[in-house]
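Participant: When you get a sec, could you give me coordinates for this:
(chains A and B)
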2 protein chains.
Amino acid sequence: MLYLVGLGLADEKDITVKGLEIVKKAERVYLEAYTAILLVEKEQLEAYYGRSVEIADREMVESSSDTILADADKVDVAFLVVGDPFGATTHTDLILRARELGIPTQAVPNASIMTGIGCTGLQLYNFGQTISMVFFTDNWRPSSWYEKIVENANIGLHTLVLLDIKVKEPNLEMLARGKIRYEPPRYMTVAQCAQQMIEIEEEKGLGVCAKDALAVGVARVGAQDQNIVAGTLEQLAEADLGRPLHSLVLIGKNTHDLERDYLRAFAVDQKVFDEAWAKNHGSQ
Amino acid sequence: MLYLVGLGLADEKDITVKGLEIVKKAERVYLEAYTAILLVEKEQLEAYYGRSVEIADREMVESSSDTILADADKVDVAFLVVGDPFGATTHTDLILRARELGIPTQAVPNASIMTGIGCTGLQLYNFGQTISMVFFTDNWRPSSWYEKIVENANIGLHTLVLLDIKVKEPNLEMLARGKIRYEPPRYMTVAQCAQQMIEIEEEKGLGVCAKDALAVGVARVGAQDQNIVAGTLEQLAEADLGRPLHSLVLIGKNTHDLERDYLRAFAVDQKVFDEAWAKNHGSQ
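Facilitator: Now for the predicted structure:
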């Protein structure tokens, strides 16, 4: 059996009891470590599980999945996924490949940032489609997400923005010299995301994510040092929410008073927050 | 401290290790049992936790929250929520009331149907706003959800439909005689939901949830006997997915081939499924 076990969001104790039992008895244990990260190191997981855990990078999961699936029709293999097993397309694809090989599969659900974001007080049924924000470079500034924000905004919905992470990226200079060296991992911050949104708004000009648009940034959801900061994109572009992972929500027009009451406790500046809310986020 | 502990979706072992540790040491333990249910009885939870658990019904949570919050500034109180703690407005409200009383709070995230629905292979970032479907009566057929489906459909998104549950509803005949007797609990099925959607479509006529619209019904997500059935609403109106809880997804036009490949294994009739998919759900 191939088990896809969700690990939840923060640390080694966010696994479910059911998931932990599977990890303890599986023949082999892999940890998917390129679409998201836990806030603890692999060694801490291994110590807690009493098991060695093999890191599965993108290449292994997407090109060499035979290694992961080997003998899984006879023995139990646990594939650990930060958040919920169905959070990323690549995991659905792994189950499809297992199906083709006649390997039975079982997923163990867990918290995902897509529901964990409820910690902001924003109601989950008021969210539209989720978007991803990648690191801009000098000559690559993808902005297809902007249209999705427009679609959500037109019907008054919040937009959850998932932020880029770069792990195991080769250093291009070394690569040109025929050597593979990896860059240190990079995790996009709320401030970087807010800045990129403001820049694209200036190009597109439809007014959905301008400087004065209200948003909320979150860091380390579910951890003891979870951090939530609400404010305009301009304010968030200056905010420091500490270590990864970060996410951001652009707030839609249709809101419930409860959302405002809950969120304003996290405002950078409650006066600015109240004014922006009153202007753009009427009650339903 | 007031802890809101998510229990996940299916049984007593879907609680996280962190959540279980909190339940074991809390002074009092409440179980919210009116917005969703686990698939096991309270007694099974109590045996597993080694603790007695008090059922918190709607009246207690919404009108008598002082009982729940009593002394929570001095002792630990665990409030257990099926799914994720932020899945329902009423829990956000409980945290707000705790804040007003100066009681510290902590939420322990868990799987929610809003991410658990990924078990269908439908990608979570392709979902629009979530809607709720209530039981129609002879003279009450609310249809405000229809407009939200239209909004989602216009931008090609899937719609998750959460189905009504009725627990602890007073028998009206007995109430008229001055006696309080409760009706047996009722849980909406996928078939009932599909039928109601077809009926409202016939009234409104915008073509978003007609008989031939593709949808997927799920039952008991995360449990050993989880059931997934894909088909037209007409087919689902005849489908029997077994015991509660059920949910439904109306499939949007923008899809990924992976979604089709994953989902068709659950089709009532693969030929009907393939034809409907090819007609209405082109690749992105």
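Participant: any low-confidence regions in the stretch 151-284 of chain A?
Facilitator: A:283-284 (pLDDT under 70).
Participant: What segments of it are strands?
Facilitator: Under the criterion DSSP state E, counting those that start in this stretch, strands of the stretch 151-284 of chain A are mapped to A:159-163, A:165-166, A:186-187, A:214-219, A:227-232, A:246-250.
Participant: Go ahead and name everything in contact with the last one.
Facilitator: Spelled out, it's strand A:246-250. A:113, A:117, A:120, A:122, A:127, A:133, A:149, A:152-153, A:158-163, A:187-190, A:193-194, A:197, A:208-209, A:213-219, A:221, A:236 (CB atoms under 8 Å, 6 or more residues apart in numbering or on different chains). Just so you know, the C-beta spots here come from the backbone N, C-alpha and C atoms, and that holds for glycine as well.
Participant: How about the residues of the stretch 151-284 of chain A by chain B?
Facilitator: Applying CB under 8 Å from any CB of the partner chain, one finds that the stretch 151-284 of chain A approaches chain B through A:151, A:155, A:157, A:221-222, A:256, A:258, A:261-262, A:265.
Participant: at 10 Å instead, please
Facilitator: The stretch 151-284 of chain A comes close to chain B at residues A:151-152, A:154-158, A:160, A:162, A:221-222, A:224, A:226, A:252, A:254, A:256, A:258-259, A:261-262, A:265, as judged by CB under 10 Å from any CB of the partner chain.
Participant: For the closest residue in space to A:Y34 that isn't next to it in sequence, grab phi and psi.
Facilitator: Nearest non-adjacent residue to A:Y34, counting by CB to CB, 6 or more residues apart in numbering or on different chains: A:R58, 4.6 Å away. Per-residue torsions, A:R58: phi -60, psi -40 (degrees, to the nearest 10).
Participant: Run a quick neighbour tally on A:R58.
Facilitator: A:R58 has 14 neighbouring residues, counting by other CB atoms under 10 Å in any protein chain shown.
Participant: Now do the same contact list for it.
Facilitator: With contact taken as CB atoms under 10 Å, 6 or more residues apart in numbering or on different chains, A:R58 is in contact with A:32-35, A:90, A:167-168.
Participant: just A:Y262 next, same as before
Facilitator: Applying CB under 10 Å, 6+ apart to A:Y262 gives the contacts A:118-123, A:228, A:230, A:256, B:86, B:92-93, B:95-96, B:99.
Participant: ranking the residues you listed by neighbours, who comes first?
Facilitator: So for the contacts of A:Y262 (other CB under 10 Å), the most neighbours sit at A:A230, 31 neighbours.
Participant: Let me know whether that residue touches A:A267 as I believe.
Facilitator: Yes. The pair A:A230 / A:A267 is scored as a contact, 4.7 Å apart, by CB atoms under 10 Å.
Participant: what is in contact with those two at once?
Facilitator: The contact sets of A:A230 and A:A267 overlap at A:214, A:216, A:273, A:276-277 (CB under 10 Å, 6+ apart).
Participant: A:S112: what's it in contact with?
Facilitator: Applying CB under 10 Å, 6+ apart, the residues contacting A:S112 are A:6, A:8-9, A:36, A:81-88, A:221, B:84, B:109, B:111-112, B:114-116, B:118, B:124.
Participant: Now, those that are in strands?
Facilitator: Among those, the subset assigned to strands under DSSP state E consists of A:6, A:81.
Participant: so of the contacts of A:S112, which ones are in helices?
Facilitator: B:114-116 (DSSP state H).
Participant: Would you mind giving those as a markdown table with neighbour count, pLDDT and distance to chain A added?
Facilitator: Shown next, in a markdown table, are the ones in helices among the contacts of A:S112 (neighbours: other CB atoms under 10 Å in any protein chain shown; pLDDT from 0 to 100; distance: CB to the nearest CB, whole Å):
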| residue | neighbour count | pLDDT | distance to chain A |
| --- | --- | --- | --- |
| B:M114 | 25 | 94 | 5 |
| B:T115 | 30 | 93 | 4 |
| B:G116 | 29 | 95 | 5 |
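Participant: Could you find the closest non-adjacent residue to A:R28?
Facilitator: Nearest non-adjacent residue to A:R28 (CB to CB, 6+ apart): A:V77, at 5.1 Å.
Participant: can you pull the contacts of the one you found?
Facilitator: Applying CB under 10 Å, 6+ apart to A:V77 gives the contacts A:1-4, A:22, A:26-30, A:68-71, A:98, A:103, A:105.
Participant: out of the residues you listed, which are inside strands?
Facilitator: Going by DSSP E, the strands hold A:2-4, A:28-30, A:105 from the contacts of A:V77.
Participant: top of those by neighbour count?
Facilitator: Using other CB under 10 Å as the neighbour criterion, A:L4 leads the ones in strands among the contacts of A:V77 with 25 neighbours.
Participant: For it, name its beta-bridge partners.
Facilitator: Beta-bridge pairing for A:L4 (DSSP bridges): A:F79, A:A107.
Participant: which residues touch it?
Facilitator: So A:L4 contacts A:19, A:22, A:32, A:77-81, A:84-86, A:91-92, A:94-95, A:98, A:105-109 (CB under 10 Å, 6+ apart).
Participant: just the buried members of the residues of the stretch 151-284 of chain A next to chain B?
Facilitator: Among these, the ones that count as buried by 16 or more other CB atoms under 10 Å in any protein chain shown are A:151-152, A:154-158, A:160, A:162, A:221-222, A:226, A:252, A:254, A:256, A:258-259, A:262.
Participant: quick one on the thing from earlier: quick one: the residue nearest to A:Y34 from chain B, how far?
Facilitator: 17 Å (CB to the nearest CB, to the nearest Å).
Participant: do A:S64 as well
Facilitator: Counting by CB to the nearest CB, the separation of A:S64 from chain B is 19 Å.
Participant: okay but that residue is in contact with A:Y30, surely?
Facilitator: No. Counting by CB under 10 Å, A:S64 stays clear of A:Y30, with 11.4 Å between them.
Participant: about what we covered before: of all the ones in helices among the contacts of A:S112, which comes closest to B:K42?
Facilitator: For the ones in helices among the contacts of A:S112, the minimum distance to B:K42 (CB to CB) is 21.6 Å, reached by B:G116.
Participant: Buried residues, stretch A:100-117. List them.
Facilitator: A:103, A:105-117.
Participant: repeat for stretch A:69-82
Facilitator: Residues of stretch A:69-82 classed as buried by neighbour count (16+ other CB under 10 Å): A:69, A:72, A:76-82.
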